[in-house]
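> can't give you the sequence, but here's the structure:
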C-alpha cells in the first residue's frame, strides 16, 4: 500500500548532521550512536541530503516498521513516499514492485529479497538494529551478505554493537566494508582479538574465547573512519536517571528449588558439562526463571507462583502515574495482569503475541496518558518505541541480555523525556539476580561473564 502524508519540516541536531556528512562521504557506514539519539531521523536526513532520488530499502524489527520508521519518515521527509512490506508474500511483492521511494520491511524478509532478486531495484540499504545479523552463519545473515554486495550505499545501525564480546562486531563490519578493516576471515580476526582459554574439567580441546586487553580499543580505531558513535548524554542533556534495587523475600518452596538448581549448576561447571557460553546462558536462564516462581509441571503449568513479587511490582507501579514493566516469561505476564486487574489499574501488554496495529494503538494511548502501565517483554518492546510518558521502568526480574536491558530502559530515557527517570530492579536477596543486575550496571555482562558468575556460586554453596 502506497502512503503519502504531509508533516512539518525536520531540523537535524548537530550529531545527526555529522552522521549525514559521514555517510555522504563514505557511502557505506556504521551508525553505533547510543539508544535514543535519533539514528532513524539521521539516516532519513542523509538520504534526503545526498541521494534524494535514490530508492531505499529498510530492514528493521517488525515491531517498529510503522511506529518508528513510517512515523519518522513522515516527520523528516514528508514529501517522500513509502510502502510497508509486511504480511503475506503477495503484499510484500506488491511493495517491492511498486513505485514507493522507500520500502520498509522486517529482518526476515531479507531471505525473500535475496531469493527473488529484489536487491538491484534499490540504491540504498539501511539495516536498523543490525545486531540481528551478528551471527555470520545464520540463513538470514547469508542472505544479507549477498544483498549488501548488490546495493552500493549502505548504513547499518545499532546502539549495542558488541554486547557479549568484541567478536560480535566482525560480521557487522564485514557487511559494510567486505573485510577491508577487520579482515575477510572471522577466525583470523578471532585470533587477533581473543585468547583461547581451556575450560577446567572439560574434555581436551574444549576452549572459550576471551577478549584480549585493549581489543575493543583496537577495533574501534580500525573502524573509526566509517563509524559514528555518540552517546545520548553527549548530545542531549536529559533529566537525571536513578537506578535502585528493591528486594523481595523468596517463599520457602521457591528458595529450596533455587538452592537445588544452584548446586546442580556448580556440579555441571566442575564436571565440565558446561562447555561454552550457550550452556552457561541456558543454565542462568533456568536459575532466573526458578527465582521468578517459574517451576513447571509436566503439562506445562506453573506449580510455583511468586505472588509476593507481583504485589511488589504493582505497589511500585501505583507510586507513579505511568510506568513500564519488563517481564521475561509468560507466567510473569499472567501474574502481573491478574494483580493489575485485582487493583483496577489500567494496563496494556506488548509481547510476541501483540499484533502490529495493536502495538501502535497501545503506544499512542500510553503517550496520550490513557494507560497507567505497560507490561512488556524486552525483546518485543526494546527497539524503536518512544514511551516517554513513563518516568519509571520496573524490572520484575533481570535479563542476562545486556543489549536488551539497555534498549528497554531507553524506551523512557530518550529524547522527549521531561522528568527525572528511575530504573528499578526487583531482586531476591542473596541470589544470582543481584549479581546479574550489578554486572549490567558495570557493563560487564557477557556470556563469558556468566560462566564466571556461575563458578562463583560454588564459593557461596
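Arrived safely. Only a predicted model underlies this, so the values are computations on that prediction, with no experimental measurement involved.
> what residues of the helix or strand encompassing residue 247 count as buried?
Using DSSP states H and E, residue 247 maps to strand 241-248. The neighbour-count check on strand 241-248 (16 or more other C-beta atoms under 10 Å) flags 241, 245, 248 as buried. Glycine gets a C-beta too; all of them are placed from N, C-alpha and C.
> residues touching the most centrally placed residue in the chain, list them.
A centroid search over the chain (C-alpha atoms, centre = their mean) returns residue 404, at 4.2 Å, as the residue closest to the centre. Residues counted as contacts of residue 404 (C-beta atoms under 8 Å, 6 or more residues apart in numbering) are 378, 379, 382.
> still on that earlier bit, in its sheet, what does the strand holding residue 247 sit against?
The pairing partners recorded for strand 241-248 under DSSP bridges are strand 421-428 (parallel).
> other residues contacting the partner strand?
238-250, 258, 291, 309, 312-313, 316, 391-398, 409, 412-413, 433-434, 437.
> worst-scoring helix or strand of the chain, pLDDT-wise?
Every helix and strand in the chain was compared by mean pLDDT, DSSP states H and E; the lowest is helix 447-460, with a mean of 44.
> in a helix, residue 46, correct?
Yes - looking at residue 46 with DSSP: H, G, I helix; E, B strand; the rest coil, it is inside a helix.
> I'd guessed it sits against residue 24; true?
Yes - if you go by C-beta atoms under 8 Å, residue 46 and residue 24 touch, sitting 6.3 Å apart.
> so between these two, which is more surrounded?
More crowded of residue 46 and residue 24, by other C-beta atoms under 10 Å: residue 46, with 25 against 15.
> just the strands in the stretch 201-350 of the chain please.
For the stretch 201-350 of the chain, applying DSSP state E, counting those that start in this stretch gives strands covering 207-211, 227-228, 241-248, 323-326, 347-350.
> hmm, back to that, tell me the one among the contacts of residue 404 nearest to residue 369.
Nearest to residue 369 among the contacts of residue 404: residue 382, at 22.7 Å, using C-beta to C-beta.
> could I get the phi/psi values of that closest one?
phi -90, psi 0 (degrees, to the nearest 10).
> residue contacts, it?
By C-beta under 8 Å, 6+ apart, the contact list for residue 382 reads 404, 407, 408, 411.
> among those, which are in helices?
404, 407, 408 (DSSP state H).
> quick one on the thing from earlier: arrange the buried residues of strand 241-248 in JSON lines, one row each, with distance to residue 147 and pLDDT as further columns.
Converted to JSON lines, the buried residues of strand 241-248 look like this (distance: C-beta to C-beta, whole Å; pLDDT from 0 to 100):
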{"residue": "241", "distance to residue 147": "38", "pLDDT": "94"}
{"residue": "245", "distance to residue 147": "44", "pLDDT": "95"}
{"residue": "248", "distance to residue 147": "47", "pLDDT": "94"}
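> let me know the closest of those residues to residue 362.
So of those, ranked by how close each gets to residue 362 (C-beta to C-beta), first place is residue 241, at 23.5 Å.
> for the nearest residue to the closest one once chain neighbours are set aside, give its distance to residue 115.
Setting aside the residues directly before and after it, residue 241 is nearest to residue 421 in space (C-beta to C-beta, 6 or more residues apart in numbering), at 4.6 Å. As defined by C-beta to C-beta, to the nearest Å, residue 421 lies at a distance of 44 Å from residue 115.
> looking at the two, which is more packed in?
Neighbours per residue, other C-beta under 10 Å: of residue 421 and residue 115, the larger number sits with residue 421, 21 against 10.
> quick one: the more buried one from residue 62, how far?
Distance from residue 421 to residue 62, counting by C-beta to C-beta: 27 Å.
> residue 86 too?
Residue 86 is 7 Å from residue 62, where distance means C-beta to C-beta.
> and if you look at residue 49?
From residue 49 to residue 62 the distance is 28 Å (C-beta to C-beta).
> got it, and residue 288?
Going from residue 288 to residue 62 by C-beta to C-beta gives 26 Å.
> so between the two, which is more surrounded?
The residue with more neighbours, out of residue 288 and residue 62, is residue 288; 21 against 16, by other C-beta under 10 Å.
> now do the contacts for that one.
Residue 288 makes contact with 328, 397, 398, 399, 400, 432, 433, 436 under the criterion C-beta under 8 Å, 6+ apart.
> where does pLDDT dip in the stretch 201-350 of the chain?
Within the stretch 201-350 of the chain, the stretches with pLDDT under 70 are 201-206, 268-280, 298.
> related to what we said a few turns ago, which among the contacts of residue 404 gets closest to residue 136?
Residue 136 has its nearest neighbour among those in residue 379, at 21.2 Å by C-beta to C-beta.
> which strand or helix spans that closest one?
Applying DSSP H and E, one finds residue 379 within helix 378-381.
> so what does that helix touch, helix or strand wise?
Applying 3 or more C-beta pairs under 8 Å, 6 or more residues apart in numbering; DSSP states H and E, one finds that helix 378-381 contacts helix 402-409.
> list the buried residues of the helix it packs on.
By 16+ other C-beta under 10 Å, the buried positions in helix 402-409 come out as 402, 403, 404, 405, 406, 407, 408, 409.
> quick one: those as TSV, columns for distance to residue 16 and pLDDT too.
Below are these laid out as TSV (distance: C-beta to C-beta, whole Å; pLDDT from 0 to 100):
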residue	distance to residue 16	pLDDT
402	26	81
403	23	81
404	25	87
405	26	89
406	21	87
407	20	88
408	23	93
409	22	94
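> what is the nearest of the contacts of residue 382 to residue 32?
Distances from residue 32 to these, taken by C-beta to C-beta, are shortest for residue 407, at 13.4 Å.
> that closest one contacts residue 36, correct?
No - assessed by C-beta under 8 Å, residue 407 is found out of contact with residue 36, at 9.7 Å.
> got any residues that touch both of these two?
Counting by C-beta under 8 Å, 6+ apart, the residues touching both residue 407 and residue 36 are residue 159.
> circling back: which among the ones in helices among the contacts of residue 382 gets closest to residue 266?
Of these, the one sitting nearest to residue 266 (C-beta to C-beta) turns out to be residue 404, at 26.5 Å.
> quickly list what's touching both of residue 86 and residue 62.
Shared contacts of residue 86 and residue 62, counting by C-beta under 8 Å, 6+ apart, come down to 106, 356.
> now do the buried residues in the helix ranked longest in the chain.
Ranked by number of residues, the top helix in the chain under DSSP H is helix 252-271. Neighbour-count burial for helix 252-271, counted by 16+ other C-beta under 10 Å, picks out 254, 255, 257, 258, 261, 262, 265, 266, 268, 269.
> just stretch 229-244 next, same as before
By neighbour count, with 16+ other C-beta under 10 Å as the criterion, the buried positions of stretch 229-244 are 229, 230, 232, 235, 236, 238, 241.
> and it, how far apart are its ends?
Distance across stretch 229-244, first residue to last, is 28 Å (C-alpha to C-alpha, to the nearest Å).
> tell me the buried residues in stretch 308-326?
309, 310, 312, 313, 314, 316, 317, 322, 323, 324, 325, 326.
> dump those residues into a markdown table; add distance to residue 67 as well.
Below are those laid out as a markdown table (distance: C-beta to C-beta, whole Å):
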| residue | distance to residue 67 |
| --- | --- |
| 309 | 30 |
| 310 | 28 |
| 312 | 30 |
| 313 | 25 |
| 314 | 27 |
| 316 | 26 |
| 317 | 23 |
| 322 | 17 |
| 323 | 19 |
| 324 | 15 |
| 325 | 19 |
| 326 | 18 |
